[in-house]
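Asker: Sequence and predicted structure, then a few things I'm wondering about:
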Amino acid sequence: MLLDKWQRDLIRDILDRLGRTRGVSPPSLVRRMVERGRTTESSARRAYQRLAMAEDPLADSTNAYPGEMPSLLKKAARLAGDHGAGMPDLTEAIKLSANQIRNLLGDADQRPVLRLVGSED
């Protein structure tokens with residue numbers, strides 16, 4: 001039982017490290033392994049299930065995987081902007097928050113950074 005958990009953790013860590021090196025998420029790596037015939041569909045299903053149990057989608061930003069950045073979304077946002085559609089129009093059309101869209105577009109957060117200043121005695 002302990003060995004099985006250790007193996008799952010090790011495989012997940014290897015997929016995560018390889019994904020960060022290649023710029024793609026672990027589920028994309030599993031999908032690619034199936035496409036290339038490196039693993040079976042049943043093994044891929046088990047891998048997806050294990051990844052789903054372990055992953056917290058809010059904890060891992062898309063920015064961690066440059067290969068996962070949606071290039072067509074950037075083009076679509078630029079085209080929409082050229083035709084007068086702003087961020088509120090995009091958020092309504094895509095059904096995502098403005099922060100999520102900015103993150104997917106790779107735009108830096110425009111808000112000022114709050115810093116605490118210590119007193120020097």
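Answerer: On my side now, so go ahead.
Asker: Tell me the secondary structure at A44.
Answerer: helix (DSSP: H, G, I helix; E, B strand; the rest coil).
Asker: Likewise for G84?
Answerer: Secondary structure assignment for G84 (three-state DSSP): coil.
Asker: quick one: contacts for the residue nearest to V34 when sequence neighbours are not counted?
Answerer: Take V34 and drop its neighbours on the chain: the residue closest to it by C-beta to C-beta, 6 or more residues apart in numbering is A44, 4.7 Å away. C-beta here means a position set from N, CA and C on the backbone, and glycine is covered the same way. By C-beta atoms under 8 Å, 6 or more residues apart in numbering, the contact list for A44 reads 30-31, 33-34.
Asker: what do you get for V34?
Answerer: 40-41, 44.
Asker: Check P70 too.
Answerer: L104.
Asker: And it, how close does it get to A76?
Answerer: 9 Å (C-beta to C-beta, to the nearest Å).
Asker: From what I see, R50 and D13 are in contact.
Answerer: No: with contact defined as C-beta atoms under 8 Å, R50 does not reach D13; the gap is 11.8 Å.
Asker: what about these two, which has more around it?
Answerer: Using other C-beta atoms under 10 Å, the more surrounded residue of R50 and D13 is R50, with 17 against 12.
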